[in-house]
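quick one: sequence plus predicted model below, questions after.
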Amino acid sequence: WTAVDEYTNGHLHNPDTHGNSKVLSEALSNSIDKGLPDISTFPSYGKLLALQAKLAGADYALEVGTLGGYTSIWLATENPNIKIVTLEVNQHHADVALENLRRAGVADRVEIIVGPALETLPKLAEEIAAGKRQKFGFTFIDADKTNNWNYFDWAVKISRSRAVIVVDNVVRNGTIVAKEKLNDPNVSGARNVIERVGKDNRVDAVVQQTVGEKNYDGFLLAIVK
Ligand code: SAM
């Protein structure tokens, strides 16, 4: 899987021909140097998210779980007109993300809001209702997995029609169907969002399994009707 990623990235995301490769690698190495965990998305997935935002015509995007800003840099560098709001509970992660976003030259288009996302999302909804913000056209959910469904439910409420919502890590090396793992909170968080989205007629959704340099996982992709 890693060899295939290296081969395809070498052609489709070559540092000699793709301008954002350097700032993305610098963001990753700075994040590791500053003690952040190595749990960001990876090149082909960051690019996929950026293309999905582009396909959705999103000029306003939301991310739940900033870490060092790696995915925000993908979204912002591939979509020059996009503005992003990214939610992070950990002040140190937010500080490192700001450094990385500045170095990537996109900090003016990315707003980091520090605090528990479940407290920030209702505030964003109020600001949208008051006409102070527009609805989102693309959302990436990648924070504490036990709250996947709560984040998804909020994301639908504050998204425009035809918006795309992606929930990361819902396959978890296949453990979502392993009986002995059903009490694992990350597994139940993944199953909960899949099962509730399946009954939610505000959206159309699919889960896509993935393999690659970060092993076997998958994401849920939904379109708001
Ligand atoms: N999306 C990031 C990327 O690809 O670069 C990776 C995000 S990382 C997997 C998860 C992040 O969510 C961590 O930085 C963590 O501190 C943050 N987080 C965890 N619980 C949170 C919460 N309740 N509210 C906001 N952020 C949270």
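Happy to help now that I have it. As the structure is a prediction and not an experimental result, all values here were calculated from the model.

going forward, measure contacts between C-alpha atoms and count neighbours the same way
Noted.

for Gly174, grab the count of nearby residues.
When neighbours are counted by other C-alpha atoms under 10 Å, Gly174 registers 13.

tell me who's in contact with it.
Gly174 makes contact with 216-217, according to C-alpha atoms under 8 Å, 6 or more residues apart in numbering.

so it sits in a helix?
Yes: according to DSSP: H, G, I helix; E, B strand; the rest coil, the state of Gly174 is that of a helix.

what about it, distance to Val110?
Using C-alpha to C-alpha, to the nearest Å, one gets 34 Å for the distance from Gly174 to Val110.

up against the ligand, what does the chain have?
Selection of the chain residues close to the ligand by C-alpha under 6 Å from any ligand atom yields 39-41, 65-71, 87-90, 93, 116-117, 142-144.

for the residue positioned nearest the centre of the chain, helix, strand, or coil?
Geometric centre of the chain, nearest residue: Phe140, 3.3 Å, by C-alpha atoms, centre = their mean. Classification of Phe140 using three-state DSSP returns strand.

do you know the pLDDT at it?
Phe140 is assigned 98 on the pLDDT scale.

that one contacts Glu63, doesn't it?
Yes: shown here, Phe140 and Glu63 form a contact pair, counting by C-alpha atoms under 8 Å, at 4.7 Å.

the residue nearest to the centre of the chain: what's it in contact with?
62-64, 165-168.

can you lay out these as JSON lines showing distance to Tyr7, secondary structure and pLDDT?
What follows is these, written out as JSON lines (distance: C-alpha to C-alpha, whole Å; DSSP: H, G, I helix; E, B strand; the rest coil; pLDDT from 0 to 100):
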{"residue": "Leu62", "distance to Tyr7": "31", "secondary structure": "strand", "pLDDT": "99"}
{"residue": "Glu63", "distance to Tyr7": "29", "secondary structure": "strand", "pLDDT": "99"}
{"residue": "Val64", "distance to Tyr7": "30", "secondary structure": "strand", "pLDDT": "99"}
{"residue": "Ile165", "distance to Tyr7": "29", "secondary structure": "strand", "pLDDT": "99"}
{"residue": "Val166", "distance to Tyr7": "26", "secondary structure": "strand", "pLDDT": "98"}
{"residue": "Val167", "distance to Tyr7": "27", "secondary structure": "strand", "pLDDT": "98"}
{"residue": "Asp168", "distance to Tyr7": "24", "secondary structure": "coil", "pLDDT": "98"}
